[in-house]
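Chemist: Next one to model:
(chains A, B and C)
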Amino acid sequence: MNIISKDAKIGQNVIIRDNCTIEENVTIGDNCYIDSNTIIRSGTKIGENGFIGANCIIGEYEMDFCIDRKKHNHKLIIGDNILIRSGSIIYTESYIGDNFQTGHQVTIREKTVIGDNVSVGTLSDIQGNCRIGSYVRMHSNVHVGQLSEIDSFVWIFPYVVLTNDPTPPSNNFVGVHIHPFAIVATGAIIMPGLDLGQDCLIGAGAIVTKSVVSYAVAIGNPAKCISDVRRTKNKITGVPAYPWREHFSNYMPWNGVGFHKWYDSLTLEQKKKYGIENIEE
Amino acid sequence: MNIISKDAKIGQNVIIRDNCTIEENVTIGDNCYIDSNTIIRSGTKIGENGFIGANCIIGEYEMDFCIDRKKHNHKLIIGDNILIRSGSIIYTESYIGDNFQTGHQVTIREKTVIGDNVSVGTLSDIQGNCRIGSYVRMHSNVHVGQLSEIDSFVWIFPYVVLTNDPTPPSNNFVGVHIHPFAIVATGAIIMPGLDLGQDCLIGAGAIVTKSVVSYAVAIGNPAKCISDVRRTKNKITGVPAYPWREHFSNYMPWNGVGFHKWYDSLTLEQKKKYGIENIEE
Amino acid sequence: MNIISKDAKIGQNVIIRDNCTIEENVTIGDNCYIDSNTIIRSGTKIGENGFIGANCIIGEYEMDFCIDRKKHNHKLIIGDNILIRSGSIIYTESYIGDNFQTGHQVTIREKTVIGDNVSVGTLSDIQGNCRIGSYVRMHSNVHVGQLSEIDSFVWIFPYVVLTNDPTPPSNNFVGVHIHPFAIVATGAIIMPGLDLGQDCLIGAGAIVTKSVVSYAVAIGNPAKCISDVRRTKNKITGVPAYPWREHFSNYMPWNGVGFHKWYDSLTLEQKKKYGIENIEE
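Modeler: Down below sits the predicted model:
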């Protein structure tokens, strides 16, 4: 049996399965599907056509509630056409754009700002107080430390960690900044406060202790820049593979058009929104 | 209160705890135990004597359901005597053999084929479209990328990742193939398309960038073959430790008999089933 | 609707949200808050003022129950003022002190002994049969193997693994011992049976294959001791950063007093309780 507050605003054609809790001051857009056992807490607003899997907690309580057990009027805004897979937990005081997708058992803490068309893999752990652009794709089990800044069109592969404390334990946190089109491969660990440049490629298992310039390939422990990514060829097909935006378009807005044609069609305003008004060649 | 479809086929002496959902077209064998809040979706067939912990989702929806919210007649077949611990999620279109065990919060995506007597640790993330033999033992937090092939009698320790994209991001996936009796120690990352040979030992934290031959010990970043595993002694007892199948038999079919006696007792058919008809000495 | 055994002893001002199960022989202290869908199994005793998030399983069944489906009279004792975040699973036969905190989706297996004021991050996986002192702080996704011993005032950062099998697979487990005030940074893997000395600093991504002496800084794969931690300065402020206990006091009992003043105020008994009666200078 569902427990649905009579003050919740629930759109048309919304399906709510079994044993769900929808608290007061929740807004759910038209055509959403809320699977069983999911809890949507007060202050949450979800756009149209969303799918939220079973056993999720959307609008999870922050520490203030755990201390005084009183509602604190925090908000969580989530866009249209989202797909949050089962077992995921998203806190209040965050903003998430349209077409967002998660895997299972994802955690997103408070004060996370996420653009449109972002995907976050199973077991990823976004620690909050961070900024993620649009068209960012994180695979499974990515850890995003507080104060991280991830620009648009960044790829992050499994078990990558973005750290934030240069002399642990301390109070002097400083986040990692990953610039557009960068790729961070499986298991890389990025030290606090570093910049990963536009279109750079961080190799699997790299322990990155210095900032990496645009287009560099960095590998090893500690990581060293060994090459320019534009020299790397696709190991299967033998054709140049980078910058990847010229060779790959799945999930991307230039799909079917090609990167350059799409890019040239953007207004300066649109380029600025993505942070790609000055692409370094 | 449980929600049990009247079209579900539920065997004798099955215990279903509280707040469970058992959908139509589910078959549950005799003597199974289904713990609280667990959802078993349509198309799932579970053998006899199984134990499924609380908060599991068995037969999870694939993307097609999330898109059109219609059931797609996918199947999930799970054998006898299984133990799936609480919080785990298993998709449809997979086949899982007898005596299967998982830890907690495990995810197994669609099109995964798993043999008998396999164990998958807490938080492991099997991405689907992959093949796992029999008597494979994965510890916690193992990530199995799509297209991986794991032969029988392989051991994989915590935080190992089997990758599949040589030039990320791309459409040219190629899986890792781990041969029988290989051991992959904690935190190793295996690059796409590599072979890990029979009885090889990949050391903790190795970043494996080239295929590894049978019986080799590979360590480091990037990994180098430094030794033959047969030279390695048990650090506690001082006796030779490898090939491990001659010194260790817990969970294995040769327990109480010894590997060679067991092996010699197999028919060629049985050896082929395990992929061990030609053991390289 | 909650399912609450009439034999459960529930204190005053306890709030139990929706769809919870509280089994017989459970004791819950005054002023606790139990969020929705949480299961508290028989044998669990929780002190006063605790907060347990949604979808938790406290007092999870051990293997004996999965085999014979009978209750085995195991106990789980948890102290006062705890905060267990949603999705966490804690087994019986463990003892957890006061002021304990977890993140989400944490697993704590049987026979774990944890002191007071310990914090365990999201997705951490404590494998049981281990000992953790007081004022230990583990960040997200830490894996504590069986037989580990973690002394008081230790910091462990994300994706650290404490291993326990020197020649896997084997029956000869041997745990890691981490001494007081040691710091293990992100992604380090510690080989079985090693000692990490008092106040040592294990760098991010280090693969530690030999014991590390007090105050040493160890980095790399394999890890080498490269420095004395007391030479390391805070990268932001430029002032000496270690031993951290002289420069940092958040969450610590010397907060507002300073380490030395606090230490000198302790009785020998109290120092022994924390295992810090002989601090190596």
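Chemist: Every contact and neighbour count from this point should use C-alpha atoms.
Modeler: Fine.
Chemist: Excluding chain neighbours, give the residue nearest to whichever residue of chain A sits closest to chain B in space.
Modeler: In chain A, the residue that lies nearest chain B is A:Asn234 (5.7 Å; C-alpha to the nearest C-alpha). Closest residue to A:Asn234 in three dimensions, ignoring its sequence neighbours and counting by C-alpha to C-alpha, 6 or more residues apart in numbering or on different chains: A:Ala241, at 5.1 Å.
Chemist: hmm, back to that, ok, the residue of chain A closest to chain B touching A:Pro243?
Modeler: No: contact criterion C-alpha atoms under 8 Å: A:Asn234 and A:Pro243 do not qualify, at 11.3 Å.
Chemist: With neighbour numbers in mind, choose between the two.
Modeler: A:Pro243 (20 against 17; other C-alpha atoms under 10 Å in any protein chain shown).
Chemist: residue contacts, the more buried one?
Modeler: Applying C-alpha atoms under 8 Å, 6 or more residues apart in numbering or on different chains to A:Pro243 gives the contacts A:199, A:215, A:229-230.
Chemist: closest to A:Gln270 among those?
Modeler: Nearest to A:Gln270 out of the contacts of A:Pro243 is A:Asp199 (C-alpha to C-alpha; 19.5 Å).
Chemist: what sits against that closest one?
Modeler: A:179-183, A:214-216, A:229, A:243 are the contacts of A:Asp199 under C-alpha under 8 Å, 6+ apart.
Chemist: and if you look at A:Lys111?
Modeler: A:92-95, A:128-130.
Chemist: so what's the nearest residue to A:Ile276 once chain neighbours are set aside up against?
Modeler: Nearest residue to A:Ile276 in three dimensions, chain neighbours excluded: A:Pro180, at 7.1 Å (C-alpha to C-alpha, 6+ apart). By C-alpha under 8 Å, 6+ apart, the contact list for A:Pro180 reads A:150-154, A:197-199, A:275-276.
Chemist: dump the residue contacts of the residue of chain A closest to chain B.
Modeler: A:Asn234 neighbours (C-alpha under 8 Å, 6+ apart): A:240-241, B:166-167.
Chemist: By pLDDT, give me the weakest of the residues you listed.
Modeler: Lowest pLDDT within the contacts of A:Asn234 is found at A:Pro240 (91).
Chemist: Do me a favour and get the backbone dihedrals for the closest residue to that one other than its chain neighbours.
Modeler: Excluding the flanking residues, the one nearest A:Pro240 by C-alpha to C-alpha, 6+ apart is A:Lys233, at 4.2 Å. Main-chain dihedrals, A:Lys233, degrees, to the nearest 10: phi -110, psi 150.
Chemist: What's the end-to-end length of stretch A:95-114?
Modeler: The first and last residues of stretch A:95-114 sit 6 Å apart, counting by C-alpha to C-alpha, to the nearest Å.
Chemist: sorry, that was for stretch A:260-270
Modeler: Length of stretch A:260-270, first residue to last, C-alpha to C-alpha: 14 Å.
Chemist: what residues does the stretch 1-150 of chain A put near chain C?
Modeler: Neighbours of chain C within the stretch 1-150 of chain A, by C-alpha under 8 Å from any C-alpha of the partner chain: A:19, A:37, A:55, A:66, A:105, A:107, A:125.
Chemist: if I pick the residue lying closest to the fourth one once chain neighbours are set aside, what's in contact with it?
Modeler: In space, and not counting its chain neighbours, A:Cys66 is closest to C:Phe51: 6.5 Å by C-alpha to C-alpha, 6+ apart. For C:Phe51, the set of contacting residues under the criterion of C-alpha under 8 Å, 6+ apart consists of A:66, C:32-35, C:81-85.
Chemist: Kindly recompute the last result at 6 Å.
Modeler: Applying C-alpha atoms under 6 Å, 6 or more residues apart in numbering or on different chains, one finds that C:Phe51 lies in contact with C:32-33, C:83.
Chemist: Looking at those residues, state which has the most neighbours.
Modeler: Within the contacts of C:Phe51, C:Cys32 tops the neighbour count with 25 neighbours, counted by other C-alpha under 10 Å.
Chemist: returning to what we had before: identify the bridge partners of the residue nearest to A:Cys66.
Modeler: C:Tyr33, C:Leu83 (DSSP bridges).
Chemist: Find me the pLDDT at it, would you?
Modeler: 98.
Chemist: Check the one 3 residues further on too.
Modeler: Predicted confidence (pLDDT) at C:Ala54: the value is 98.
Chemist: one step back: how about the contacts of A:Pro243 in TSV, adding secondary structure, pLDDT and distance to A:Ile15?
Modeler: As requested, those are exported to TSV (DSSP: H, G, I helix; E, B strand; the rest coil; pLDDT from 0 to 100; distance: C-alpha to C-alpha, whole Å):
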residue	secondary structure	pLDDT	distance to A:Ile15
A:Asp199	coil	98	42
A:Tyr215	coil	98	47
A:Val229	helix	97	47
A:Arg230	helix	96	49
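Chemist: Show the buried residues in those.
Modeler: Neighbour-count burial (16 or more other C-alpha atoms under 10 Å in any protein chain shown) is assigned, among those, to A:199, A:215, A:229-230.
Chemist: top of the contacts of A:Pro180 by neighbour count?
Modeler: Highest neighbour count within those, by other C-alpha under 10 Å: A:Asp199, with 30 neighbours.
Chemist: Need the nearest residue in space to that residue, chain neighbours excluded.
Modeler: Nearest non-adjacent residue to A:Asp199, counting by C-alpha to C-alpha, 6+ apart: A:Ala182, 4.2 Å away.
Chemist: Tell me who's in contact with whatever residue of chain A ends up closest to chain C.
Modeler: Taking C-alpha to the nearest C-alpha, chain C has its nearest neighbour within chain A at A:Thr167, 5.7 Å off. A:Thr167 is in contact with C:Asn234, counting by C-alpha under 6 Å, 6+ apart.
Chemist: again with A:Asp30
Modeler: Listed by C-alpha under 6 Å, 6+ apart, the contact set of A:Asp30 reads A:11-14, A:48.
Chemist: Kindly recompute the last result at 10 Å.
Modeler: By C-alpha atoms under 10 Å, 6 or more residues apart in numbering or on different chains, A:Asp30 lies in contact with A:10-15, A:46-50, A:80.
Chemist: Checking it next. Helix, strand or coil?
Modeler: Look at A:Asp30: counting by DSSP: H, G, I helix; E, B strand; the rest coil, its state is coil.
Chemist: That one and A:Ser36: what is the separation?
Modeler: In terms of C-alpha to C-alpha, A:Asp30 sits 18 Å off from A:Ser36.
Chemist: got it, and A:Pro222?
Modeler: Computed as C-alpha to C-alpha, the A:Pro222 to A:Ser36 distance reads 46 Å.
Chemist: So which of the two has more stuff around it?
Modeler: Taking neighbours as other C-alpha under 10 Å, A:Pro222 and A:Ser36 compare with A:Ser36 leading, 24 against 19.
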